[in-house]
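Peer 1: Quick check, what structure comes out for this input:
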Amino acid sequence: MGAGKRTKASRVGRWLAAAVVVLLLVVIGAGVYARDAWQQLMANQAIKKFDWQGMHLSLEGIRADGFSLVSSDPARPFAVSGSGFVLGWDWQTLSLASVRVEQLEVDIPEWPEPAAGGSGAKPSLLPEQSPTWLPDTISVSSLRVDLPDDTEISGNLYVELAPDPEQWRMETTELWINGSLPDFEPGGWRIDGIKGRIGVAGTTGVESAKLDILAGSTLNMKGVVSPDGGEAVRLEQVKMRPIGSTLEAGYNLSDRSLKTMRLTGPLALDVETLQQANLKPQSWNFEGQLDADLNRVDIHGATKGAAGLEVDLNVRWPFGGTPHMDVSSELAGSQASRILAETLEQWPAGIEISDGSLSARASVRLPDAGLSLEGRIIASGMSGIVGRMAWTGLSGTLELSLDDNLVARTSELQLERLNPGVPLGPVSITGSYRAPLQVLTQGTVSVVRARAGFLGGEVRVKPGEWSLADLPVTVPVWLNGIQVDRLMTVYPAEGLTGSGTLQGEVPLVISRQGVQVSGGNIRALAPGGTLKLPADRLQALARNNETMDLVVRALQNFNYSVLNSTIDYDQEGTLNLGLRLEGSNPQVRDGHPIVVNINLQEDIPALLTSLQLSGRVNEAVTEKVRKLMEKRESGNGKN
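Peer 2: This next block holds a predicted model:
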């Protein structure tokens, strides 16, 4: 029994010994095969130097602590070094199954030179047929590739190889590309200083790729300039963050050409400075969606300026055509005037908005030279201050167009009330304004209809057209139905009363020095009315003058049938009235007719200031005027 066991054990031992010998022979043969394969690779790829460090042979394959190789082909210079190399065998076919590399560094100092013969053809990046010794897969845990022009690629990579190179496939969960691109001029626009750090994850093949853009990716541009040299638009220091976007591309590796490309997904854009003739230079930020290919870029989302203006934006930029933008914005409340003043280059000074809303929509085109715009501004219930005047209830639509000229049109702009001290309203305007962009203050005003309620009647501007480039111009203004009793209530003096209805015409002469009136007139409608002026206000005029004493007594209760007055107003703000009254006072001279001719003079700015300080406009205007008066008095005191 014991002898049988020993015989069986010896047989097992002999079989194990034979198996070990066979495996050693296979490993040695594999090593010789690997050596021959590498020698063939080195010869085919013109590798002049190849070193292994710490090589180990095992049943799993070949392991090496490190390796390096250098190309001897001047047309394709490169150097490779790595560590943690494992070459796995397929024992059934006695072929390479896989290559794993923990760390791989590739240095390509120059791009491959054109093929010999001066044809300029680029050498193919793919062999015509895969060598039989290539493994099925190659995986690199940590890859770094240094390319010309300070371009670097780093990350991980998994490669599936096949006998047909057209079926090769690569995959990565994180691959970063750092580098710069040459200046780009799509459709005449110039984009320069392009640098980026783009992270991708996805798969690529020999003919196409689909990659997701990773968080942290950025594309920086030093400048984006419109075709007219930046006169229309200039962007400085642009940062694009296509986080979460997807890149799909089709290409030909034989001639290294990009056939198709599409980038879609979320986009964040930061512009350090946007310069445009109608906007104040400032930073802008955008968040939205991007859809771009080799022929055009579409962007839609929301942008916000440093001043706080938020704009919904829709951009379509065909590289072979004219960029087009649709923009819209909504503003409400007291911040609207500040935002507009800090955003628009030519926002009128002194306009403050306290209530209501403002919405704007525009379609903008950016041709090779200049800019064109078609837009609409809608005001709803807006109130505020302009200068020292209060305004309330502004509503209506303003149509805008912009190319070489600015054209503004309104069909029915309504203002409930405008109060510089003497209230006007409601105000209604239909007309237009056209001006060259270079001198917006020298345009042409066209009035179809303009009216304002005033002291129980109305003020109307005669329809017409006036060029502000040809100053002075005269604008006829008609006064209709003005009520004398309302006029007396706004004058800051006690005891003034009256009745009657006035009408007339006031020619406003507008010049570069200001506004004046020359030769205006006003008259009372039949049957006339009454005037009652307090005696204490006129008593000083009657001293030692019998005629003036008669006038003073008559005007304390004067029934007039005729009231005519000339009106003149100079640029310093002095109003001169040449007043003629015909009528009687029942208590004077038994009611006999009396004709009174009086020349009156009033400082209108001072009168309005008095009314504004009295609180007849609103508290905000009163406070504003008070501060202006204090500042003026303080300045005079220093002088």
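Peer 1: contacts, neighbours, all on C-alpha from now
Peer 2: Fine.
Peer 1: mind listing what Leu413 touches?
Peer 2: Shown in contact with Leu413 (C-alpha atoms under 8 Å, 6 or more residues apart in numbering): Leu394, Ser395, Gly396, Thr397, Leu398, Val427, Ser428, Ile429, Thr430.
Peer 1: so which strand or helix has it?
Peer 2: strand 405-419 (DSSP states H and E).
Peer 1: Pull out the CA atoms of that strand and give them to me as PDB.
Peer 2: This file holds the C-alpha atoms of strand 405-419, laid out as PDB (Å, rounded to 0.1, in the frame of the first residue of the first chain):
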ATOM      1  CA  ASN A 405     -29.600 107.600 -38.100                       C
ATOM      2  CA  LEU A 406     -31.700 107.300 -35.000                       C
ATOM      3  CA  VAL A 407     -35.500 107.400 -35.700                       C
ATOM      4  CA  ALA A 408     -38.000 107.500 -32.800                       C
ATOM      5  CA  ARG A 409     -41.700 107.400 -33.500                       C
ATOM      6  CA  THR A 410     -44.800 107.400 -31.200                       C
ATOM      7  CA  SER A 411     -48.400 107.200 -32.200                       C
ATOM      8  CA  GLU A 412     -49.900 108.100 -28.800                       C
ATOM      9  CA  LEU A 413     -47.600 108.700 -26.000                       C
ATOM     10  CA  GLN A 414     -49.600 109.600 -22.900                       C
ATOM     11  CA  LEU A 415     -48.500 111.400 -19.700                       C
ATOM     12  CA  GLU A 416     -51.100 112.000 -17.000                       C
ATOM     13  CA  ARG A 417     -49.300 115.000 -15.400                       C
ATOM     14  CA  LEU A 418     -46.200 117.100 -15.800                       C
ATOM     15  CA  ASN A 419     -45.700 119.600 -13.000                       C
END
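Peer 1: Now the element after that strand, going C-ward?
Peer 2: Per DSSP H and E, the first helix or strand lying C-terminal to strand 405-419 is strand 424-436.
Peer 1: if we look at stretch 577-585, which residues are touching it?
Peer 2: Under C-alpha under 8 Å, 6+ apart, the answer for stretch 577-585 is 554-555, 557-568, 591-601.
Peer 1: for the strand holding Leu413, what is the average pLDDT?
Peer 2: Over the span of strand 405-419, the pLDDT mean works out to 92.
Peer 1: what lines up beside the helix or strand hosting Trp89 in the sheet?
Peer 2: Secondary structure here is read from DSSP H and E; on that basis Trp89 sits in strand 79-90. Strand 79-90 has these partner strands in its sheet, going by DSSP bridges: strand 61-71 (antiparallel), strand 95-107 (antiparallel).
Peer 1: if we look at the sheet, which residues does Glu236 bridge to?
Peer 2: Counting by DSSP bridges, Glu236 is bridged to Gly223, Thr273.
Peer 1: quick one, what contacts it?
Peer 2: Contact analysis of Glu236 by C-alpha under 8 Å, 6+ apart lists Met221, Lys222, Gly223, Val224, Val271, Glu272, Thr273, Leu274.
Peer 1: Please name the residues that touch Leu479.
Peer 2: When contacts are counted by C-alpha under 8 Å, 6+ apart, Leu479 is found next to Gly457, Glu458, Val459, Arg460, Leu502, Gln503, Gly504, Glu505, Val506, Ile522.
Peer 1: before we move on, which element is it in?
Peer 2: Going by DSSP H and E, Leu479 is part of strand 473-483.
Peer 1: what's the burial count for Gly205?
Peer 2: For Gly205, the tally of surrounding residues (other C-alpha atoms under 10 Å) stands at 18.
Peer 1: Can you add secondary structure and pLDDT and give the contacts of Leu479 back as TSV?
Peer 2: Rendered in TSV, the data for the contacts of Leu479 read as follows (DSSP: H, G, I helix; E, B strand; the rest coil; pLDDT from 0 to 100):
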residue	secondary structure	pLDDT
Gly457	strand	96
Glu458	strand	96
Val459	strand	96
Arg460	strand	97
Leu502	strand	96
Gln503	strand	96
Gly504	strand	96
Glu505	strand	96
Val506	strand	95
Ile522	strand	95
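Peer 1: Which pair in those has the greatest spatial separation?
Peer 2: Gly457 and Val506 (14.9 Å; C-alpha to C-alpha).
Peer 1: And those two? Which one has more around it.
Peer 2: Comparing Gly457 with Val506 by neighbour count (other C-alpha under 10 Å), the higher total belongs to Val506, at 24 against 18.
Peer 1: Local confidence estimate at the nearest residue to that one once chain neighbours are set aside?
Peer 2: Leaving out its chain neighbours, the residue that sits closest to Val506 by C-alpha to C-alpha, 6 or more residues apart in numbering is Gly520, at 4.4 Å. We note a pLDDT of 94 for Gly520 in this prediction.
Peer 1: What count of nearby residues applies to Gly520?
Peer 2: Neighbours of Gly520 under the rule other C-alpha under 10 Å: 19.
Peer 1: Which strands border the host helix or strand of it, and is each parallel or antiparallel?
Peer 2: According to DSSP H and E, Gly520 maps onto strand 514-524. Its sheet considered, strand 514-524 pairs with strand 501-511 (antiparallel), strand 558-569 (antiparallel) by DSSP bridges.
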